[in-house]
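Novice: Fold the following.
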Amino acid sequence: MIQSLSYIDPQAKLSANVVVEPFTVIHKNVTIGEGTWIGPNVTIFENTHIGKNCKIFPGAVLGAVPQDLKFDGEQTTVTIGDNTTIRECVTINRGTKDKFTTSIGSGCMLMAYTHIAHDCAVGNNVIIANGVQMAGHVTVEDNARIGGLSALHQFVKVGRHVMIEGGSMVSKDVPPFVKAGRYPLAYEGVNSVGLRRSGFSSEKINEIQDIYRVLFVHNRNLSKAIVKVEAEMHATQERDEILSFIQDSERGVLKGFSAR
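Specialist: The predicted model follows:
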């Protein structure tokens with residue numbers, strides 16, 4: 001159902017059962033999957049691709065050109081997966097020649113006034129709370145949770161199943177499975193509640209906690225702590241994921257736990 005007071009460019013491609021409410025503008029070369037609802041006063045710029053059964057609430061602006069002085073009009077995109085909800089006044093800018101796309105996965109919730117800048121990559125089942133501001137080139141992996149009014153520095157990477165406290169200033173990478181908060185941003189323990197909800201066993205959660213105790217609680221030099229984990233703990237998918245994330249980090253990872 002398409003309201004007569006909306007504008008849809010003839011070169012846009014809308015699948016079956018898409019609903020477009022009044023005063024929405026959809027530009028050329030936009031694709032929208034079946035069953036998606038586009039609320040009133042939404043603007044979707046060219047080269048934006050939205051999956052099935054999404055919900056786009058009033059005031060959202062998707063696919064606008066990047067707020068990047070290096071952008072030179074190159075053809076880039078925004079891609080949004082299936083079953084993702086984008087709440088009021090969210091802005092998502094398309095990519096630049098760095099990655100050529102800004103991507104949001106499936107099953108995500110982007111709450112009101114969130115900004116996703118150019119070349120960001122957000123995984124599946126990510127929840128980003130109200131007012132989060134994400135600079136360019138940020139990566140957020142699957143099942144992460146980012147608290148409201150947090151700000152993420154450009155090129156930061158957030159690992160799987162991370163929980164970031166509201167109002168955080170995220171200027172360092174956050175490795176998988178942890179809770180992060182305080183100022184400056186620091187490790188606050190393993191996200192055991194989130195892991196349990198995602199089906200991780202108690203034994204697996206204990207294993208992850210043991211790894212992070214060595215890395216972030218015992219106040220060792222991080223490089224030496226990595227060597228200790230590799231030498232003394234059995235190789236598992238989670239152990240190797242944590243170590244690879246830290247070793248591959250270009251910005252460095254957040255601070256370990258310290259009593260105040």
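Novice: measure stretch 128-144 end to end?
Specialist: End-to-end distance of stretch 128-144 (CA to CA, to the nearest Å): 8 Å.
Novice: Next, the buried residues of it.
Specialist: Neighbour counts over stretch 128-144 (16 or more other CB atoms under 10 Å) mark 128-132, 134-144 as buried. For glycine as for every other residue, the C-beta is placed from the backbone atoms N, C-alpha and C.
Novice: One more: stretch 66-80?
Specialist: Pro66, Asp68, Phe71, Thr76, Thr77, Val78, Thr79, Ile80.
Novice: That stretch: end-to-end distance?
Specialist: OK, stretch 66-80 end separation, CA to CA: 17 Å.
Novice: So which residues of the stretch 151-260 of the chain form strands?
Specialist: 151-152, 157-158, 163-164, 169-170, 178-181, 186-190 (DSSP state E, counting those that start in this stretch).
Novice: Grab the nearest non-local neighbour of His218.
Specialist: The spatial neighbour of His218 that comes closest, neighbours along the chain excluded (CB to CB, 6 or more residues apart in numbering), is Ala225 at 7.2 Å.
Novice: now the stretch 151-260 of the chain, which segments are flagged as low pLDDT?
Specialist: 258-260 (pLDDT under 70).
Novice: all helices of it, in order?
Specialist: 192-197, 202-212, 222-232, 237-248 (DSSP state H, counting those that start in this stretch).
Novice: rewinding a little: now the buried residues of stretch 66-80 as TSV including pLDDT, secondary structure and distance to Ala180?
Specialist: Putting these into TSV (pLDDT from 0 to 100; DSSP: H, G, I helix; E, B strand; the rest coil; distance: CB to CB, whole Å) gives the following:
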residue	pLDDT	secondary structure	distance to Ala180
Pro66	98	coil	27
Asp68	96	coil	27
Phe71	96	coil	31
Thr76	98	coil	31
Thr77	98	strand	31
Val78	98	strand	27
Thr79	98	strand	27
Ile80	99	strand	26
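Novice: Name the nearest of these relative to Asp173.
Specialist: Taking CB to CB as the measure, Asp173 sits nearest to Asp68 out of the buried residues of stretch 66-80, at 21.6 Å.
Novice: related to what we said a few turns ago, and the residue nearest to His218, what does it touch?
Specialist: Residues counted as contacts of Ala225 (CB atoms under 8 Å, 6 or more residues apart in numbering) are Val214, Leu215, Phe216, His218.
Novice: My guess is the first one contacts Val229. True?
Specialist: Pointing back at Val214 there. Yes. With contact defined as CB atoms under 8 Å, Val214 reaches Val229; the gap is 5.3 Å.
Novice: Mind checking which of these two has more residues around it?
Specialist: Of the pair Val214 and Val229, Val229 is the one with more neighbours under other CB atoms under 10 Å, namely 19 against 16.
Novice: if I look at that one, how far off is Ile211?
Specialist: 6 Å (CB to CB, to the nearest Å).
Novice: Ok, Ala60 next?
Specialist: Separation of Ala60 from Ile211 (CB to CB): 39 Å.
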